[in-house]
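Participant: what's the 3D shape of this:
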Amino acid sequence: MKNSILYILLWFFAVFSLCSSVVRAQDCSAKEKRSFFDGKYGIENELYKGKIFYVDRSIFSGHPFLGDDTLSYCSILINGTKFVDQKIRYDIYSQNFVLTFVDPIGAQRQIVLNANQVDTVYIGGSVFIKNPVPAIRSDFVQLIHQGTISCYVAWQKEKEVKSTAQKSGYAYSKENPQRYIVYDSVLYRFKNKREFLSVFPSQKRNEIKKYLSSNHVRMKKVTTDQLEKLIGYIETVL
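Facilitator: Take a look at the predicted model:
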């Protein structure tokens, strides 16, 4: 009888010890993951506050992103903290930034960043900021120039339903840049040379025309690089 009681007590002790070891191991593992995550991404982890990004399986053609839908290394400023070498795509249809990263256990994740916390995104040589002009209907704009004249581009895409006998879904249009300048505290949108020149004093327009001609700038198809140089030049002649 005594031997049976002793055996039962030893059995309970062994089970309890095993369970305690498992709990300690799990707790240690969780702490190690948290420590790794905090060490790699920062204790506050501001960058990873967002919603899970789900790939849209209903796309017929195109995509909602700026550029060619490939991942590139970028920098982003969130609540005043800068994070470098991040893989980010700009969803211009939804006006969101999608971050791709590898989590502490080695799995690739995608999240939609909280737009309210995003201050600035640097993609290649382009700078995207929160829209500072309420009259521009876009959450974010590309900052082209900031000075006596400020210049912004709001990128847009349209989405429509497409269908064939074999397939149906949403088709995204090509990206459409809407160009704006702020001069003398007035916002102007321009689509061509005539609209652009009309912004500035008449006595300065010939000089601007000469610049456009000598630099082969076509305002209907002006690139952001050309626009930045153009605005910089105009500031010197005004």
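Participant: which element follows the one helix or strand residue 89 maps to toward the C-terminus?
Facilitator: Element membership of residue 89 [criterion: DSSP states H and E] is strand 81-91. Downstream of strand 81-91, the next assigned helix or strand under DSSP H and E is strand 96-102.
Participant: what lines up beside that next one in the sheet?
Facilitator: Here strand 96-102 has these sheet partners by DSSP bridges: strand 81-91 (antiparallel), strand 108-113 (antiparallel).
Participant: these: which one's closest to residue 191?
Facilitator: strand 81-91 (22.6 Å; CB to CB). Placement of C-beta: from N, CA and C, glycine included.
Participant: touching the closest one from outside, list them.
Facilitator: Contact with strand 81-91 is made by 42, 44, 46-47, 64-67, 69, 71-77, 97-101, 112-113, 121, 123, 128, 140, 155, as judged by CB atoms under 8 Å, 6 or more residues apart in numbering.
Participant: report the contact partners of the closest residue to residue 147 other than its chain neighbours.
Facilitator: Spatial nearest neighbour of residue 147, excluding adjacent residues (CB to CB, 6 or more residues apart in numbering): residue 235 at 5.8 Å. Counting by CB under 8 Å, 6+ apart, residue 235 touches 147, 148, 149.
Participant: closest to residue 230 out of the strands paired with strand 96-102?
Facilitator: The closest of these to residue 230 is strand 81-91. By CB to CB, the value is 23.7 Å.
Participant: buried sites along the closest one?
Facilitator: For strand 81-91, a neighbour-count test (16 or more other CB atoms under 10 Å) marks 83, 86, 87, 88, 89, 90, 91 as buried.
Participant: of all the residues you listed, which comes closest to residue 210?
Facilitator: Nearest to residue 210 among the buried residues of strand 81-91 is residue 90, at 35.4 Å by CB to CB.
Participant: for the closest one, list each beta-bridge partner.
Facilitator: For residue 90, the beta-bridge partners are residue 97 (DSSP bridges).
Participant: same question for stretch 227-238, mean pLDDT?
Facilitator: Averaging pLDDT along stretch 227-238 gives 96.
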